[in-house]
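> coordinates only, sequence not included:
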């Protein structure tokens, strides 16, 4: 899908919603940052979150979340609070080895607390997934499965996923 076609399709879906566009790429001037910028330019109620600006530690598998809050002290709560404050969430991600980047995967894995305790902190939110990469749309299902699980864990309804080739962004 071309960038302009994507913006034309997504804008009517989120134009009236307080939307959070999440750049999950670690690249400061990468394609995901550009896409988030264009989403925000088209939609005045949209704001950006650059995941790389947060310090989110990976899950340690300590199982403390089965009986209480996670003991890790980082920015994960800021990330979840940003999601809870918006009506719609757009995850914008590059493809890294047929998956999402480590920064996003760390944040998703930290949702174990919500999954274990059957808590849905972001119910009645809409979720969109935008994947960009060098290869082809065949990478979308690999990454989309993880994002759909993330959304379901938080109570976010997955609405649509999009693939935009790298050469359509530049």
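Nice, thanks for sending it over. Being a predicted model, the structure only gives us computed values, none of them experimental.
> Touching, residue 15 and residue 8? I think so.
No. If you go by Cβ atoms under 8 Å, residue 15 and residue 8 don't touch, sitting 11.5 Å apart. The way it works is simple: take the backbone N, C-alpha and C, and place the C-beta from them, glycine included.
> Could I get the full set of helices for this protein?
Counting by DSSP state H, the chain has helices at residues 3-14, 31-42, 76-84, 102-109, 112-116, 140-154.
> Same list, these, but as JSON lines with mean pLDDT and mean neighbour count please.
Listed next are the helices of the chain as JSON lines, based on pLDDT from 0 to 100; neighbours: other Cβ atoms under 10 Å:
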{"stretch": "helix 3-14", "mean pLDDT": "87", "mean neighbour count": "15"}
{"stretch": "helix 31-42", "mean pLDDT": "90", "mean neighbour count": "19"}
{"stretch": "helix 76-84", "mean pLDDT": "96", "mean neighbour count": "16"}
{"stretch": "helix 102-109", "mean pLDDT": "95", "mean neighbour count": "20"}
{"stretch": "helix 112-116", "mean pLDDT": "90", "mean neighbour count": "17"}
{"stretch": "helix 140-154", "mean pLDDT": "92", "mean neighbour count": "18"}
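> How about the contacts made by residue 61?
Going by Cβ atoms under 8 Å, 6 or more residues apart in numbering, residue 61 touches no other residue.
> ok, now how distant is it from residue 82?
25 Å (Cβ to Cβ, to the nearest Å).
> looking at the chain, which residue ends up farthest from its center?
Centroid-distance maximum for the chain: residue 67 at 26.9 Å, with Cα atoms, centre = their mean.
> Count the neighbours of residue 46 for me.
For residue 46, the number of neighbouring residues by other Cβ atoms under 10 Å comes to 22.
> what's the pLDDT at the closest residue to it other than its chain neighbours?
Excluding its sequence neighbours, the residue lying closest to residue 46 (Cβ to Cβ, 6 or more residues apart in numbering) is residue 19, at 4.2 Å. We have a pLDDT of 96 for residue 19.
> pretty sure residue 19 contacts residue 86?
Yes. Here residue 19 reaches residue 86: they are 5.9 Å apart, a contact under Cβ under 8 Å.
> Looking at those two, which is more packed in?
More crowded of residue 19 and residue 86, by other Cβ under 10 Å: residue 19, with 25 against 22.
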